[in-house]
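[1] My questions concern the predicted model and sequence given below.
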Amino acid sequence: MLTQSRDIYRVLTKDGEKLAKVSGKFSYEASENIDYPAVGDFVLLADGGADEGVILSVLPRASLFLRTAAGTAHEAQAVAANIDTCFITMSLNQDFNVRRLERYLTIAWDSGAVPVVVLTKSDIADDAGQRVAEAENAALGVDVVVTSAKQGEGMDALAPYLKPGKTVAFLGSSGVGKSTLINALLGEARIKTAEIREDDDKGRHTTTTRNLIYLENGSAVIDTPGMREVGIESGDTGHSFADIEALATECRFSDCQHDTEPGCAVKAAIDSGALDAKRLESYNKLKAEMSYDGLSARERETTKLNRMMAEVGGMKGYRRAIKKEKT
Ligand SMILES: Nc1nc2c(ncn2[C@@H]2O[C@H](COP(=O)(O)OP(=O)(O)OP(=O)(O)O)[C@@H](O)[C@H]2O)c(=O)[nH]1
Ligand SMILES: [Mg+2]
Ligand SMILES: [Zn+2]
């Protein structure tokens, strides 16, 4: 699925691009937002006449980046599906924010895709070195790439993730330069970009739809609209806060809240300067926000895969179904 505009989806089929809508049965059976096709999804398509297709189902997703947003009663939204790598894009100007980075990383690790931190606009940052170091400290075990689309810096460093057949999604706030980077990769100004606000470096929400675009080498990039709010539907702090969770195993009490308990290894690390107190605050906040009652994104997909396999007659039938329509 390449892009969506209201209830119309643009899908790529072996015969080229097609517009499609979901079938009546599909809408009837869909119980929540994320059941509907998302950019990057593989869908089963039936011919709906001249040039409109009918989407019968969404094939199980290898990865799914989910967030909740205000105004949707905190219902989960699928930002992109089947992505191999999430480029968590953040600019090195005023908009730079380590706490937001931790939030993105927590969601990304849960999505099933591998996160990479892409720092942008190195050409205009006053204290780029300091900010890059802060990002590296927060992004444990994650590659951090410093770029300037304006000066062509760091474009080579992005290449290893942009291999034929691989899909990368650009995620981040408005104005950080997601579309500008994609234009640089395309080698032409195909996507619209716009100047940011001068007073606070915030963007103007120039990109309004999620779009999958193929690069010349056969890799796919997904441009997304800048996110105002990145609520956590489900997250994985095991990777993004591996330092805190490792320390926590050393706390005297196994249910230590790292607050006032004696023998707290996390507090000790803060006292010794080994851990930033703000990072613990961030961790606690995200933990509180994450919904524990629901299934994680991956668990949901496994459930769906099992259900689908039963419907089409096991793995053989499933493979046959995929082969039939890979869109
Ligand atoms: N100096 C400098 N400016 C850049 C760089 N990359 C992007 N910009 C500028 O930042 C502004 C916003 O860029 P966009 O690519 O539209 O940002 P975006 O992340 O796609 O924003 P949304 O579509 O609103 O989410 C534009 O004026 C770009 O020219 C860079 O490397 N250096
Ligand atoms: Mg954009
Ligand atoms: Zn503790």
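    Perfect, I can see it now. Ligands and ions are numbered 1, 2, ... in the order given.

[2] Skipping adjacent residues, who's closest to the residue of the stretch 1-150 of the chain found nearest ligand 2 in space?
    Closest approach between the stretch 1-150 of the chain and ligand 2, counting by Cβ to the ion: T89, at 9.9 Å. C-betas here are computed from N, CA, C, even on glycine. Among residues not flanking T89 along the chain, G172 sits closest, at 3.5 Å (Cβ to Cβ, 6 or more residues apart in numbering).

[3] check which helix or strand covers the residue of the stretch 1-150 of the chain closest to ligand 2.
    strand 85-91 (DSSP states H and E).

[4] So which elements touch that strand?
    helix 98-111, strand 114-120, strand 167-172, helix 178-186 (3 or more Cβ pairs under 8 Å, 6 or more residues apart in numbering; DSSP states H and E).

[5] these two touch, right, N183 and R190?
    Yes: assessed by Cβ atoms under 8 Å, N183 is found in contact with R190 at 6.0 Å.

[6] Comparing these two, which shows the higher neighbour count?
    Taking other Cβ atoms under 10 Å, N183 and R190 do not tie; N183 has more neighbours (18 against 11).

[7] need the contact list for that one.
    149, 189-191, 193 (Cβ atoms under 8 Å, 6 or more residues apart in numbering).

[8] For those, give me TSV that also has distance to K14 and secondary structure.
    Shown next, in TSV, are these (distance: Cβ to Cβ, whole Å; DSSP: H, G, I helix; E, B strand; the rest coil):
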residue	distance to K14	secondary structure
A149	34	coil
A189	30	coil
R190	24	coil
I191	26	coil
T193	32	coil
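
[9] By neighbour count, which of those residues wins?
    A149 (22 neighbours).

[10] ok, now which ones touch it?
    120-121, 155, 177, 180-181, 183-184.

[11] Put together CSV for these, with distance to ligand 3 and pLDDT on each row.
    Shown next, in CSV, are these (distance: Cβ to the ion, whole Å; pLDDT from 0 to 100):
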residue, distance to ligand 3, pLDDT
T120, 36, 97
K121, 38, 96
M155, 43, 95
G177, 39, 96
T180, 43, 97
L181, 40, 97
N183, 47, 97
A184, 45, 96
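
[12] residues touching the nearest residue to S5 once chain neighbours are set aside, list them.
    Closest residue to S5 apart from its sequence neighbours, by Cβ to Cβ, 6+ apart: T209 at 6.2 Å. T209 is in contact with 3-5, 225, counting by Cβ under 8 Å, 6+ apart.

[13] For my notes, confirm T209 occurs in a strand.
    No: counting by DSSP: H, G, I helix; E, B strand; the rest coil, T209 is not part of a strand but coil.
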